[in-house]
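Asker: test case, fold it:
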Amino acid sequence: MSVYTTPSGEISVASLHRMKRDGRPIAAMTAYDASFGRLLDDAGMDVVLVGDSLGMVIQGRDTTLPVTIDDMIYHAKAVRRGVRRALLMVDMPFMSFATPEDALANAGRLMKEAGAQMVKLEGGAAQVATVRRLNECGIPVCAHLGLKPQSVHKIGGYRVQGRDESSARAMLEDALALEAAGADVVLLECVPRALAREIGSNLGVPVIGIGSGGDCDGQILVLHDAIGVTPRPPRFARDFLAATGGIAEAMESYVEAVRERRFPGVEQTIE
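Answerer: Numbering: from 1, shown residues only. Next up, the predicted model:
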């Protein structure tokens, strides 16, 4: 049993908080079925995310917007059957958390029907009331800031966020407000490294990055980006399969690279 697991050997929310305090990087990856859930679990992943990215990498859609709560439950139930050790986080899809009560009903389904241990939702200060409501009901929450794929039409594409002083300050304030409301983890997507570092140093909860530099408390990638399946992967991704030749070995290599802070490297970092 690790000092970062429960007596039964599982990663919990408290485990992630201990990792931040101890400076131990958190390794996370997406999965969408039982086979990959088991593979990531065996590789030593701390968090497995059932992402609404399934709309693009599994369903072949252009955005994540068409994904439904029933889609998320179906895939999360499958991944749950493969995951025994890692913490299972599940995305709340577009419009499933439009109001705090909508969020509570749908997050409750993800917890009860699919076995989620944490839900992730996109949005800044506007989601404070929702995060507070979920927290009051004992539902762990990961708040997603920076590039928010569900807002792709609003922001005009998949672009780096927080480059100017005003938007950077607003993102930090959003992160602090969400933490105060009860968010257990904050995920930063496509944020300049300096801003991600500043947010992480100001928060007591773990900050997990994707395309946000190596100073975050942990890293996450979309599975398909990490094994070279995506036709045009984002610049912050690395094909771990190319160097290892096997998927299990690729995932172990990713976990090791995150733990040793060798990933992301300079070429995957937004300055």
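
Asker: who's in contact with the closest residue in space to Asp217 that isn't next to it in sequence?
Answerer: The shortest distance from Asp217 to any non-neighbouring residue, by Cβ to Cβ, 6 or more residues apart in numbering, is to Pro206 (4.2 Å). (C-beta placed from N, C-alpha, C; glycine too.) Contacts for Pro206 (Cβ atoms under 8 Å, 6 or more residues apart in numbering) come out as 16-17, 19-20, 26, 185-186, 217-218.

Asker: same question, Leu65
Answerer: By Cβ under 8 Å, 6+ apart, the contact set of Leu65 is 55, 94, 150, 152.

Asker: any idea how far it lies from Val119?
Answerer: Separation of Leu65 from Val119 (Cβ to Cβ, to the nearest Å): 18 Å.

Asker: please apply the same query to Gly156.
Answerer: In this structure, Gly156 and Val119 are 27 Å apart, going by Cβ to Cβ.

Asker: compare those two (neighbour count), which wins?
Answerer: The neighbour count for Gly156 versus Val119, taken as other Cβ atoms under 10 Å, is higher for Val119 (24 against 8).

Asker: so what pairs up with that one in the strands?
Answerer: Taking DSSP bridges as the rule, Val119 bridges to Val90, Val141.

Asker: about what we covered before: any idea which of the contacts of Leu65 is closest to Val3?
Answerer: If you rank the contacts of Leu65 by distance to Val3 using Cβ to Cβ, Gln150 comes first, at 36.3 Å.

Asker: assign a three-state SS to that closest one, would you?
Answerer: Secondary structure assignment for Gln150 (DSSP: H, G, I helix; E, B strand; the rest coil): helix.

Asker: for it, give me its contacts.
Answerer: Gln150 makes contacts with 52, 64-65, 93-94, 122, as judged by Cβ under 8 Å, 6+ apart.

Asker: pick out the most distant pair among the contacts of Pro206.
Answerer: Spatial extent of the contacts of Pro206 (Cβ to Cβ) is set by the pair Met19 and Val186 at 14.1 Å.

Asker: which one's more surrounded, these two?
Answerer: More crowded of Met19 and Val186, by other Cβ under 10 Å: Val186, with 27 against 20.

Asker: quick one, what contacts the more buried one?
Answerer: 142-145, 175, 178-179, 199, 203, 205-208.

Asker: please identify the buried residues of the helix or strand harbouring Leu172?
Answerer: In this assignment (DSSP states H and E), Leu172 forms part of helix 165-181. Across helix 165-181, burial judged by 16 or more other Cβ atoms under 10 Å covers 168, 170-172, 174-175, 177-179, 181.

Asker: tell me the mean pLDDT over it?
Answerer: Here helix 165-181 scores 98 as its mean pLDDT.

Asker: same thing with stretch 138-155?
Answerer: Mean predicted confidence for stretch 138-155 is 96.

Asker: and stretch 91-108, how far from the chain's centre?
Answerer: Taking Cα atoms, centre = their mean, to the nearest Å, one finds the center of stretch 91-108 at 17 Å from the center of the full chain.

Asker: could you list the alpha-carbon positions for the helix or strand that the helix holding Leu172 is followed by in PDB?
Answerer: The helix or strand immediately downstream of helix 165-181 is strand 185-189, counting by DSSP H and E. Extracted in PDB, the C-alpha atoms of strand 185-189 (Å, rounded to 0.1, in the frame of the first residue of the first chain):
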ATOM      1  CA  VAL A 185      -9.100  20.000  -8.300                       C
ATOM      2  CA  VAL A 186      -8.600  22.600 -11.100                       C
ATOM      3  CA  LEU A 187      -7.700  21.700 -14.600                       C
ATOM      4  CA  LEU A 188      -6.000  24.200 -16.900                       C
ATOM      5  CA  GLU A 189      -6.100  23.700 -20.600                       C
END
